[in-house]
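Chemist: For reference, the sequence and a predicted model appear below.
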Amino acid sequence: MKDRLEALKVEAIGQIKESQELKDLQAVKVAYLGKKGPITEVLKGMGKLSAEERPVIGAYANEVRDSIQQEIDKKQTELENAAILEKLAKETIDVSLPGRPVKQGNAHPLTAVVTEIEDLFLSMGFTIAEGPEVETDYYNFEALNLPKGHPARDMQDSFFITEDLLLRTQTSPVQARTMEKHEGQGPVKIISPGKVYRRDNDDATHSHQFMQIEGLVVDQNVRLSDLKGVLETFAKKMFGDDRKIRLRPSFFPFTEPSVEMDISCFKCSGKGCSICKQTGWIEILGAGMVHPNVLEMAGFDSKKYTGFAFGMGPERIAMLKYGIDDIRHFYANDIRFLKQFKNA
Ligand SMILES: [Zn+2]
């Protein structure tokens with residue numbers, strides 16, 4: 001019986017070695033180790049053996065079965081590896097195929113204009129200050145010389161959240177907050193870009209949400225001529241070196257005196273066209289000397305310190321610069337509009 005088992009082992013291993021494919025190997029496994037295989041047959045005949053022989057043959061049968069199984073496992077790994085290598089040899093990657101271009105986006109035209117303005121003022125020694133968009137009535141109005149009931153509040157219809165909290169109507173509260181932080185010590189030299197909100201009906205030139213950039217300088221001996229110099233530099237950098245500026249008297253509650261700045265038309269150079277409404281001048285921003293009340297409220301001695309402030313709308317600047325005719329384009333997220341500013 002032992003000889004029979006030995007013969008089966010040799011036969012099985014021979015067939016395993018000859019297997020060329022996994023399915024051949026599987027067939028060998030079923031043939032020799034399966035329930036109807038010869039080894040099981042041999043074991044069935046064990047009843048005829050003596051009590052001494054039985055455990056010896058049983059142990060040998062198990063040994064034979066184990067070595068056949070080991071050979072099968074070995075061969076299986078071999079065949080599987082060979083299959084992978086064959087697959088790798090067959091498959092090739094064509095690296096000469098041109099790649100698909102990666103689509104590159106661009107900055108939103110407003111972001112581009114704001115960044116340009118920021119860079120310009122940073123180069124003149126200003127720093128950038130930011131503040132909350134949900135603001136208290138105090139910082140949005142009162143600290144800016146607009147007490148409750150002041151008629152000028154009507155110019156800024158607001159989104160109130162509570163009696164005392166609102167979406168800021170201007171970035172000026174950042175000025176009030178910054179001055180307060182300085183505790184009466186100059187110099188202050190900031191610009192404050194950001195979103196502001198007003199209860200306006202949206203049309204080609206109005207939006208309930210828009211951007212502002214305000215500037216503030218507070219120091220000893222700050223004069224209107226300093227303001228003019230800064231604004232002139234801004235106008236030339238943004239709209240061309242041959243721009244002239246003019247200041248017209250105006251009114252803002254937090255500045256005194258207050259001015260509007262116009263620039264000479266960059267399209268017609270003053271002859272008159274549709275952009276400048278035939279006047280030769282384009283209104284760009286409002287400015288003025290900081291009202292003494294505003295300085296005092298923020299803790300500055302208005303006899304010692306003076307300052308100037310200005311505020312502009314990046315939307316208007318972008319519309320003028322790029323010839324955009326409707327403010328709503330900025331917020332509609334229409335890719336066809338936005339991708340025109342790739343080189344802006
Ligand atoms: Zn013009």
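Modeler: On my side now, so go ahead. Numbers count the residues shown, from 1 in each chain.
Chemist: And the host helix or strand of D119, what's buried?
Modeler: D119 belongs to helix 109-123 when assigned by DSSP states H and E. For helix 109-123, a neighbour-count test (16 or more other CB atoms under 10 Å) marks P109, L110, A112, V113, V114, E116, I117, F121 as buried. (Glycine included, C-beta is placed from N, CA and C.)
Chemist: likewise stretch 268-283?
Modeler: C276, G280, W281, I282, E283.
Chemist: Enumerate every residue touching the residue lying closest to the second one once chain neighbours are set aside.
Modeler: Counting by CB to CB, 6 or more residues apart in numbering, G270 is the residue found nearest to G280 once chain neighbours are left out, at 3.8 Å. Applying CB atoms under 8 Å, 6 or more residues apart in numbering, one finds that G270 lies in contact with S264, G280, W281.
Chemist: Can I get these in CSV including secondary structure?
Modeler: Listed next are those as CSV, based on DSSP: H, G, I helix; E, B strand; the rest coil:
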residue, secondary structure
S264, strand
G280, coil
W281, strand
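Chemist: any idea which of those is closest to the ion?
Modeler: G280 (6.0 Å; CB to the ion).
Chemist: Could you double-check that that closest one sits in contact with F266?
Modeler: No - assessed by CB atoms under 8 Å, G280 is found out of contact with F266, at 10.9 Å.
Chemist: any idea how far F126 lies from Y139?
Modeler: 21 Å (CB to CB, to the nearest Å).
Chemist: Q69 too?
Modeler: Distance from Q69 to Y139, by CB to CB: 83 Å.
Chemist: Could you check which of those two is surrounded by more residues?
Modeler: Y139 (19 against 14; other CB atoms under 10 Å).
Chemist: Provide a list of residues in contact with that one.
Modeler: Y139 touches G131, P173, A176, R177, counting by CB under 8 Å, 6+ apart.
Chemist: what's the helix or strand for the second one?
Modeler: I take that to be P173. helix 172-181.
Chemist: same check, this time on the first one
Modeler: Counting by DSSP H and E, no helix or strand carries G131.
Chemist: State the pLDDT value of the closest residue to it other than its chain neighbours.
Modeler: Counting by CB to CB, 6+ apart, G131 lies nearest to V174, which is 3.8 Å off, once chain neighbours are set aside. Confidence at V174, expressed as pLDDT, is 93.
Chemist: Take the buried residues of helix 109-123 and lay them out in a markdown table including distance to Y197.
Modeler: Shown next, in a markdown table, are the buried residues of helix 109-123 (distance: CB to CB, whole Å):
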| residue | distance to Y197 |
| --- | --- |
| P109 | 20 |
| L110 | 15 |
| A112 | 22 |
| V113 | 19 |
| V114 | 17 |
| E116 | 24 |
| I117 | 20 |
| F121 | 24 |
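Chemist: ok, and of those, which contact the ion?
Modeler: The subset of the buried residues of helix 109-123 within reach of the ion, counting by CB under 5 Å from the ion, is empty.
Chemist: Using CSV, lay out these together with pLDDT and distance to L85.
Modeler: Listed next are the buried residues of helix 109-123 as CSV, based on pLDDT from 0 to 100; distance: CB to CB, whole Å:
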residue, pLDDT, distance to L85
P109, 92, 57
L110, 93, 58
A112, 92, 55
V113, 93, 60
V114, 95, 59
E116, 94, 60
I117, 95, 63
F121, 96, 66
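Chemist: mind saving the C-alpha coords of the helix holding P173 as CSV?
Modeler: Output of helix 172-181 as CSV, limited to C-alpha atoms (Å, rounded to 0.1, in the frame of the first residue of the first chain):
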residue,chain,number,x,y,z
SER,A,172,-15.5,102.8,6.6
PRO,A,173,-16.1,100.9,9.9
VAL,A,174,-12.7,99.3,9.3
GLN,A,175,-11.3,102.8,9.5
ALA,A,176,-13.1,103.5,12.8
ARG,A,177,-11.9,100.2,14.2
THR,A,178,-8.3,100.7,13.0
MET,A,179,-8.1,104.2,14.5
GLU,A,180,-9.5,102.9,17.8
LYS,A,181,-6.7,100.3,17.9
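Chemist: where do the strands sit along this protein?
Modeler: Remark: strands assigned in the chain by DSSP state E are 127-128, 134-136, 165-167, 188-197, 209-219, 245-252, 255-264, 281-290, 306-312.
Chemist: so of those strands, which one's packed in deepest?
Modeler: Greatest average neighbour count among the strands of the chain goes to strand 306-312 (a mean of 24), per mean count of other CB atoms under 10 Å.
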